[in-house]
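>>> 3D, please:
(one chain, ligands or ions: 1)
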Amino acid sequence: MADFSLAELEQIIHQRAHSGDPDSWTAKLFAKGMDKAAQKLGEEAVETVIAAIRGDRQALVSESADLLYHWLVVLGIAGIPLDDVLKELEGRTGRSGIAEKASRPRG
Ligand SMILES: N=c1c2ncn([C@@H]3O[C@H](COP(=O)(O)OP(=O)(O)OP(=O)(O)O)[C@@H](O)[C@H]3O)c2ncn1[C@@H]1O[C@H](COP(=O)(O)O)[C@@H](O)[C@H]1O
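Sure thing, here's the model as predicted:
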């Protein structure tokens, strides 16, 4: 088990976001705003999909890390705490995905 959590990465991102450090990728993304950060998230998602389809285990691990980092940056720019997503997931536990989908309002 890794001695590192997404909550810790969220904290690091929060600290780096407005650090003004010219060498900080996080600060750069926050300065550029949601469009650029969301675009990077999309690129990392596609690279993750490609690694998965190719069956490239090492690339899948590496691209997944890029994906989670950029996902947390996007959440940070949107002002959504990681905890909100974890609570959403917690609320879904014990319920099958198919039953959850069937309960969604149509339209
Ligand atoms: N986990 C990450 C992390 N993952 C990826 N990246 C950066 O994301 C950027 C984009 O990655 P790409 O490979 O897509 O780079 P690219 O320039 O678009 O290259 P191409 O895909 O176009 O070839 C790179 O600069 C990566 O270094 C990250 N940058 C920062 N972190 C974490 O955030 C902390 C603070 O970082 P800074 O804000 O940069 O100080 C770090 O200590 C890490 O814990």
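>>> centre of the chain to stretch 93-107, how far?
If you compare the mean C-alpha spot of stretch 93-107 with that of the full chain, they lie 23 Å apart, counting by CA atoms, centre = their mean, to the nearest Å.
>>> so what touches that stretch?
With CB atoms under 8 Å, 6 or more residues apart in numbering as the test, stretch 93-107 has contacts from residue 92. In this view, the C-beta of every residue, glycine as well, is placed from N, C-alpha and C.
>>> cool, and stretch 45-55?
Judged by CB under 8 Å, 6+ apart, the contacts made with stretch 45-55 from elsewhere in the structure are 59-60, 62-64, 66-67.
>>> next structured bit after the helix or strand hosting residue 52?
Secondary-structure assignment from DSSP states H and E places residue 52 in helix 34-54. With elements assigned by DSSP H and E, the helix or strand that comes after helix 34-54 is helix 57-78.
>>> ok and that next one relative to helix 34-54, angle-wise?
With axes from the mean of the first three to the mean of the last three CA atoms, to 10 degrees as the basis, helix 57-78 and helix 34-54 are set at 160 degrees to each other.
>>> just give me the residue closest to the centre of the protein.
Of all residues in the chain, the one closest to the mean position by CA atoms, centre = their mean is residue 71, 2.2 Å from it.
>>> surely that one meets residue 40?
No. Using CB atoms under 8 Å, residue 71 and residue 40 do not qualify as a contacting pair, with a distance of 9.9 Å.
>>> which outside residues touch stretch 11-24?
By CB under 8 Å, 6+ apart, the surrounding residues in contact with stretch 11-24 are 26-27, 30, 69, 72-73, 76.
>>> that stretch close to the ligand?
Yes. With CB under 6 Å from any ligand atom as the criterion, the ligand is reached by stretch 11-24 at 12, 16, 24.
>>> write the ChimeraX selection for whichever of the contacts of stretch 45-55 are buried.
Buried residues within the contacts of stretch 45-55, as defined by 16 or more other CB atoms under 10 Å, are selected in ChimeraX through the command that follows:
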select :60,63,66,67
